[in-house]
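Engineer: Sequence plus predicted model, see below.
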Amino acid sequence: MSRGRRLWLAVAGLLLGAAIAGPAGWPWPEGRPAPRVPADNRMSAAKVELGRRLFYDADLSIDGSMSCATCHVQRRAFADGNATHPGVHGDPGRRNVPGLANIAWAKSLTWGDPRVRTLEAQVLIPVTGLSPVEMGMNGKEGEIAARLGRDACYVRMFRAAFPEADGRIDMAGVAKALAAFQRTMISNQSPYDRWRSGRRDALSEIQQQGERAFARRCVACHAGPDLSDGRFHRIEPEADDPSAGDPGLSEITGRAADIGRFRTPGLRNVALTAPYLHDGSASTVAAAIDRHADIARRLSDGDRRAIEAFLDTLTDRVFTGDRRLSLPQSACGVEL
Ligand code: HEC
Ligand code: HEC
């Protein structure tokens, strides 16, 4: 074999090895395809551990008062129970805090912006975003790196997570670690999941009836394992004044037809993530269903009750109680 050929084979072998050690090297749950993971942010236990600590660290906010977990609360499936949540300077929140279950599989992130396609990119919105200001770190990314760099344990954790960058502490690394941690926020142990895997007794009679009604009335948009098609729809009639209220998707596309269109929210753990809709204006699941103008009008009372019973089966207490996703008690072997 020529030297060139041997070299080529060696390179091909390396590339192939990298592909195999990629998504397949992480224990993603059975039963659905592995999620998309950026090639420059492969999963590792060290990265996930770092991301978990960062998720709960208020040093990511300007005055040290707010972490990701301030708004994304585990026992509420990582939503927060408020219609909207003000930022560090008291700027009113603009939209409802969504839960974060199975966020690794989302086609795009946030209620209204299809351009936000990775969890890495999304991190910058709360940390440095200006509309609204949430954690207040715009232009202060260096300050985050300096704060973390003063903590010897973070220095070790970044080294373990990013050996290829010699453990460099910067905003890109923070975003990568947070993204890796959030990809482990997997909810797949609800009664609905047990039912899907063949356990017919996991759902009661009325819940099964609700599942069938849901399949008829709702699955056009709330489709797939997370009950979202990932697309943008308008569920309410147009307002008389189109400039009133949240422009939704049209803010990004500039198209009048996109006014009031929002990404179909996934419905996992929906019983825990009240209030609902992009502005948190529906305080109960029933109220949220009512706001689907055309669809709600055609629902019989029986179907409505059954669908509500079915939606309760999406609650996953293993997920909300999973210690691997909770506030870490220690880092580098020392209590936090
Ligand atoms: C002040 C409250 C607040 C804080 C702090 C906050 N978030 Fe959020 N988060 C929100 C809101 C509100 C949205 C929805 C924004 C929108 O759609 O415009 C959101 C959306 C998200 C989404 C998209 C979810 C989806 O379904 O598309 C992810 C992921 C996320 N946040 C992660 C984080 C991370 C990581 C942090 C910390 C770096 C964080 N958030 C800090 C309020 C907050
Ligand atoms: C045409 C697509 C479509 C159909 C069909 C549809 N939905 Fe929705 N659903 C949406 C969109 C889009 C939103 C978010 C709207 C908003 O925030 O303004 C939503 C929001 C919700 C919410 C609130 C979730 C949250 O976290 O805020 C619930 C609950 C819900 N839908 C249940 C249902 C049920 C039950 C049905 C069937 C009876 C149904 N939907 C049919 C598109 C749809």
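Structural biologist: Okay, I see it. Ligands and ions are numbered 1, 2, ... in the order given.
Engineer: C-alpha only now, for contacts and for neighbours.
Structural biologist: Fine.
Engineer: ok, which stretches of the stretch 151-300 of the chain are helices?
Structural biologist: Taking DSSP state H, counting those that start in this stretch as the test, the helices found in the stretch 151-300 of the chain are 152-161, 171-182, 191-196, 205-217, 250-253, 285-290, 293-297.
Engineer: so which strand or helix has Phe310?
Structural biologist: Taking DSSP states H and E as the criterion, Phe310 maps to helix 301-312.
Engineer: For that helix, list every residue counted as buried.
Structural biologist: Of all the residues in helix 301-312, those buried under the rule 16 or more other CA atoms under 10 Å are Asp303, Arg304, Arg305, Ala306, Ile307, Glu308, Ala309, Phe310, Leu311, Asp312.
Engineer: Spit out the contact partners of whatever residue of the stretch 151-300 of the chain ends up closest to ligand 1.
Structural biologist: Going by CA to the nearest ligand atom, ligand 1 is nearest to Leu178 of the stretch 151-300 of the chain, at 5.7 Å. By CA atoms under 8 Å, 6 or more residues apart in numbering, Leu178 lies in contact with Val48, Leu50, Gly51, Arg52, Leu54, Phe55, Leu119, Glu120, Val123.
Engineer: Report whether the expected contact of Ala257 with Glu251 is present.
Structural biologist: No: in terms of CA atoms under 8 Å, Ala257 does not count as a neighbour of Glu251; the distance is 11.0 Å.
Engineer: Neighbour count: the two, which is higher?
Structural biologist: Taking Ala257 and Glu251 together and counting by other CA atoms under 10 Å, Glu251 has the greater number of neighbours (16 against 11).
Engineer: Just give the nearest non-adjacent residue to the more buried one, would you?
Structural biologist: If the residues on either side of it in the chain are set aside, Glu251 comes closest to Ile259, at 7.7 Å by CA to CA, 6 or more residues apart in numbering.
Engineer: any idea of the pLDDT on the one you found?
Structural biologist: Ile259 is assigned a pLDDT of 94 by the prediction.
Engineer: for it, what are its contacts?
Structural biologist: By CA under 8 Å, 6+ apart, Ile259 lies in contact with Arg234, Pro242, Asp246, Pro247, Gly248, Leu249, Ser250, Glu251.
Engineer: give me the beta-bridge partners of the fifth one?
Structural biologist: Beta bridges link Gly248 to Arg261 when assigned by DSSP bridges.
Engineer: Just to check, it is in contact with Gly260?
Structural biologist: Yes: contact criterion CA under 8 Å: Gly248 and Gly260 qualify, at 4.8 Å.
Engineer: Look at these two and report which has more neighbours.
Structural biologist: A direct count of neighbours by other CA under 10 Å for Gly248 and Gly260 places Gly260 higher, at 25 against 21.
Engineer: Please consider this matter closed, and thank you.
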